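Participant: can you look at this prediction? I've put the sequence above it.
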Amino acid sequence: MNRTRFSLFYVAGYLTFAGIFMLVDPRTATQLLLSNTDYGDIMPRLAGGLLVGLAMIVVQIIRFRAESLYTTTIAVRIVFCLIFIWLYAIGHDPMFLILLAVVGLGVIMSAMSYFLDKR
């Protein structure tokens with residue numbers, strides 16, 4: 001399961017970077033994500049804190065080689081992708097397409113790695 005574990009480094013990286021960025025400078029972070037909506041400072045900071053928390057969990061999954069959770073990380077990110085599609089459909093904010101691309105790439109990498117590792 002080394003490929004799958006390695007793919008989670010991408011996840012831990014974007015969660016950590018994005019989470020800290022959202023906590024420190026939420027307006028710039030949402031602008032860089034091409035958002036066309038002003039979310040203020042509070043909700044993006046809350047999202048940033050949640051991202052840092054998720055990053056900590058993913059780092060522990062990597063650290064402890066918790067292979068039984070690899071499929072869960074893929075499933076959760078698929079749910080997130082579906083939510084991003086839904087949020088884009090109702091709000092037309094391009095930020096959700098950027099998030100879909102970033103998270104979707106990780107899902108593809110992890111899913112491919114998982115199936116290659118299982119062979």
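Facilitator: Structure received.
Participant: all helices of this protein, in order?
Facilitator: In the chain, the segments counted as helices under DSSP state H are 2-24, 26-32, 42-63, 70-91, 95-118.
Participant: could these be laid out in TSV, adding mean neighbour count?
Facilitator: Glycine gets a C-beta too; all of them are placed from N, C-alpha and C. TSV is the format used below for the helices of the chain (neighbours: other CB atoms under 10 Å):
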stretch	mean neighbour count
helix 2-24	18
helix 26-32	17
helix 42-63	16
helix 70-91	15
helix 95-118	17
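Participant: I'd like these as CSV, with mean pLDDT appended.
Facilitator: Shown next, in CSV, are these (pLDDT from 0 to 100):
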stretch, mean pLDDT
helix 2-24, 98
helix 26-32, 97
helix 42-63, 98
helix 70-91, 98
helix 95-118, 98
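Participant: for N2, see how far away the most centrally placed residue in the chain is.
Facilitator: Centroid check for the chain by CA atoms, centre = their mean gives V103 as the closest residue, at 4.8 Å. Look at V103 and N2: by CB to CB, to the nearest Å, they are 22 Å apart.
Participant: now swap in T73 and tell me
Facilitator: When distance is defined by CB to CB, T73 is 15 Å away from N2.
Participant: now swap in T37 and tell me
Facilitator: For T37 relative to N2 (CB to CB), the value is 41 Å.
Participant: kindly report the same for D25.
Facilitator: For D25, the distance to N2 equals 36 Å [CB to CB].
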